[in-house]
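# Predicted model follows, preceded by the sequence.
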Amino acid sequence: MKLLDLQDLHVATEDGVKLVDGVDLVIAQGEALGLVGESGSGKSLTALALLGLVRAPLDARVTRLAIAGQEMRDADETSWRRLRGRSVALVFQDSTTALNPVRTIGSLLVETICRHQRISKREARARALDRLRDVGLQPHHADAYPHLLSGGMRQRAMLALALANRPRLLVADEPTTALDATIQLQILHLLRRESRDRALLLITHDLGVASELCDRIAVLYHGRVREIGSAARLLSTPRHPYTRALLDLVPRFDMEASIPTPIPGSPPAPGEQIQGCSYRLRCPRATEQCLERPTLEGDADYKIACWNPLND
Ligand SMILES: Nc1ncnc2c1ncn2[C@@H]1O[C@H](COP(=O)(O)OP(=O)(O)OP(=O)(O)O)[C@@H](O)[C@H]1O
Ligand SMILES: [Mg+2]
C-alpha cells in the first residue's frame, strides 16, 4: 500500500519564482525513501508541503497528494489538523524553534497524544514516558523545558513528539544534524525500526546517511528530482553527474586521501533562470543538448533526468 502518493508538487513565491518544480514521490508501506540534495534545493519545502504547512506568501500546488490513503489535495485546515500528528508527522530541521519554550517536554507529549486518542491523562502520561524511553531519554526529561536540554536531547524530544501517535508516514528533516556520531547512529536505527511497517521520508544533505537507512533515494537539485532509484543502485552506479558529485562529498575512511572533492560552482539562486538543465553550468558532462531541459524518464524502479548519464 502507498502511504505517500505525491504527484507534481510545485511551490512558488508570490512573484512566481519556482522553488519546487514538479516533484513526484511515492512511498510504500515498510519503505524508507531518502531525499538528498544541497542546501536550498527544496527539501524542506517539499516536507512542509506534505503536511499542508506551506504558508503565504508561498503557494503549493499538487496534482495529487494522498497520505495513508486519504486524499489531501483540496483538504481544509480542519482535515489537516486531524491528519497531522496522527497519520503523518514531521521532525523539523530546527528543534530550537519547533518546541514551545514555555511547555515541558512531557506536557507537549501528553497534549499530542490526547489530541488524537481517547485515553485518560494518566494513560497518556504513561505513553509519553514510553516514547521518551524509545528515543533514549529518561523519565525525568518529561519535566524539562526545551531550553534546559542539549541540542541532541531536544532533537530526540522532537522525535518522541513526532512518534507520539505512531504515525504511518514520518517525515524527518535532517533529524540528526545536531547530534554527535554515536547518538546520530542510535537515532538512525530508531528511525529504521519505527519505519519498518510504516513509511519514512528522510531528508538529508548526506548521501552516506541516506544510504545507511533508506531503500530508495531521490536526488533533488534546484527544485527537481534528477535521479531516483534503489539506494544500492545509486551508490554503486550513479548515472546522474550530480549524484556522482554528491557521492564524492561523502568522506571515505578507507582511502588515504579522504578529503572529499567539492562540487565546483554553487547552486543557482532562487529565481535564477537557467536555460535547459539547471545543473549544466556545474556539470563536467554538459553538452549543447543540455540547453534543452531533460525530463525525468525511466520505469517504476529507476528514473533519471539527464542527456549524458554516466555508466552507460
Ligand atoms: N518562505 C520562503 N520565502 C521565499 N523563499 C523561500 C522560503 N522558504 C524557502 N525559500 C527558498 O526556497 C529554496 C528551497 O528552500 P528549502 O528550505 O526547501 O531548502 P533545503 O533543501 O531544505 O535546504 P537546507 O539543506 O539548507 O535545509 C531556497 O532557495 C530558499 O531560499
Ligand atoms: Mg532544509
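Perfect, I can see it now. Ligands and ions are numbered 1, 2, ... in the order given.
# gap between whatever helix or strand T112 lives in and the chain center?
Using DSSP states H and E, T112 maps to helix 105-116. The chain centre lies 24 Å from the centre of helix 105-116; the measure is C-alpha atoms, centre = their mean, to the nearest Å.
# can you give me the mean pLDDT across that helix?
Mean pLDDT, helix 105-116: 94.
# Who are the packing partners of it?
Where contact means 3 or more C-beta pairs under 8 Å, 6 or more residues apart in numbering; DSSP states H and E, helix 105-116 is packed against helix 121-134, helix 151-162. In this view, the C-beta of every residue, glycine as well, is placed from N, C-alpha and C.
# how near is the nearest residue to M72 once chain neighbours are set aside to ligand 1?
Spatial nearest neighbour of M72, excluding adjacent residues (C-beta to C-beta, 6 or more residues apart in numbering): L65 at 4.7 Å. Distance, L65 to ligand 1, by C-beta to the nearest ligand atom, to the nearest Å: 17 Å.
# hmm, back to that, buried ones in the helix holding T112?
Going by neighbour count (16 or more other C-beta atoms under 10 Å), the buried part of helix 105-116 is I105, G106, S107, L108, L109, V110, E111, T112, I113, C114, H116.
# now the second one: how far from E77?
In this view, G106 and E77 are 27 Å apart by C-beta to C-beta, to the nearest Å.
# and if you look at the third one?
In this structure, S107 and E77 are separated by 24 Å, where distance is defined by C-beta to C-beta.
# contacts for the least confident helix or strand in the chain by mean pLDDT?
None of the helices or strands of the chain scores lower by mean pLDDT, DSSP states H and E than helix 95-98, at a mean of 72. Applying C-beta atoms under 8 Å, 6 or more residues apart in numbering, the external contacts of helix 95-98 come out as F92, P146, G151, R154, Q155, A157, M158, A178.
# so how far is that helix off the chain centroid?
16 Å.
# ditto for stretch 34-41
Chain-centre distance of stretch 34-41: 9 Å, with C-alpha atoms, centre = their mean.
# could you check whether it is close to ligand 1?
Yes - legend: contact between stretch 34-41 and ligand 1 by C-beta under 6 Å from any ligand atom is shown at G37, S39, G40, S41.
# burial of G208, as a residue count?
The tally of other residues near G208 (other C-beta atoms under 10 Å) stands at 16.
# what do you get for A126?
The criterion is other C-beta under 10 Å. On that basis, A126 has 13 neighbouring residues.
# Quick one: closest of the helices and strands packed on helix 105-116 to G298.
Closest approach to G298 among those (C-beta to C-beta): helix 151-162, 31.9 Å.
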